[in-house]
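**Student:** Predicted model, plus sequence, below.
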Amino acid sequence: MTINALLLSSSRVGDTPYLAHAIPFIKPLTTNAQKWIFIPYAGVSMSYDTYLASVVTGLSELELDISGIHQHPDPQQAIKDADGILIGGGNTFHLLHQLYRYDLVTLIGEQVALGKPYIGWSAGSNVSGLSIRTTNDMPIIEPPSFKALNLVPFQLNPHYSNYQAPGHNGETRAQRLLEFTKVDPLTPVVGIVEGSALWRQGDKLSLLGNQPAYLFCGEQQEIPIPVGSDLSNLLKPSL
């Protein structure tokens with residue numbers, strides 16, 4: 001079996017309905033997967049039931065059987081029994097903290113490696129990389145480790161934008177990612193813009209959507225990745 005993982009930048013684009021823009025990206029992963037487990041642990045400012053309901057509504061046209069992992073007495077068994085895994089956005093630190101709390105980090109990686117489809121957006125994409133060191137989120141809680149699911153061997157930065165409001169003197173996103181590459185010059189970071197996604201199918205990695213992505217690695221800073229690019233080279237070990 002091969003990895004089949006969809007990593008969305010966001011749940012919305014502009015004023016579009018929740019997950020509406022992502023339906024064409026998500027649908028191919030559901031062909032042979034009807035029963036999905038949704039992990040709402042990144043949702044801190046809403047109840048898990050409310051979060052689950054929004055996902056069920058947003059994906060209703062796909063007619064999937066979606067349950068929340070919080071509804072199951074054994075989270076690990078729920079992962080094993082599902083045909084596919086959904087992880088939503090919110091606070092990445094809280095998400096990873098809970099994944100470690102229930103001992104799901106290794107299990108999810110193993111299940112996805114065996115071919116179980118994975119769909120994440122925002123924080124759910126952040127945790128798919130090597131670590132969460134390039135998240136945009138406030139560290140509201142301390143997970144045991146920043147190491148994440150390692151579904152792709154690089155870092156992600158969802159919601160990428162280098163916009164700086166006039167008169168604002170804080171760091172831009174590009175400046176913050178530059179800081180990461182100064183500390184870790186060998187690990188690539190891919191910034192994915194809202195409306196776009198990365199799709200890993202085994203040894204193939206594709207950029208989906210109508211927005212470019214941006215690469216940061218060592219001396220390479222904010223290098224545009226054209227729409228529709230094949231990024232499979234990022235899956236190969238660095239020499």
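**Tutor:** Ah, there it is.
**Student:** List the residues that contact the residue sitting furthest away from the middle of the chain.
**Tutor:** Centroid-distance maximum for the chain: Gly167 at 31.6 Å, with Cα atoms, centre = their mean. The contact partners of Gly167, by Cβ atoms under 8 Å, 6 or more residues apart in numbering, come to none. Using the backbone N, CA and C atoms, a C-beta is placed for each residue, glycine as well.
**Student:** okay, it: pLDDT?
**Tutor:** You'll see Gly167 listed with a pLDDT of 92.
**Student:** Which parts of this structure are helices?
**Tutor:** 23-26, 48-58, 75-81, 92-101, 105-113, 123-126, 173-183 (DSSP state H).
**Student:** Could I get those helices in a markdown table, plus columns for distance to Ile140 and mean pLDDT?
**Tutor:** Output for these, formatted as a markdown table (distance: least, Cβ to Cβ, whole Å; pLDDT from 0 to 100):
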| stretch | distance to Ile140 | mean pLDDT |
| --- | --- | --- |
| helix 23-26 | 28 | 98 |
| helix 48-58 | 17 | 98 |
| helix 75-81 | 21 | 98 |
| helix 92-101 | 6 | 98 |
| helix 105-113 | 19 | 98 |
| helix 123-126 | 12 | 98 |
| helix 173-183 | 18 | 97 |
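**Student:** Glu219: which of those is closest?
**Tutor:** helix 173-183 (8.2 Å; Cβ to Cβ).
**Student:** Please name every helix or strand in contact with that closest one.
**Tutor:** Contacts defined by 3 or more Cβ pairs under 8 Å, 6 or more residues apart in numbering; DSSP states H and E place helix 173-183 against strand 155-157, strand 189-192, strand 213-217, strand 220-225.
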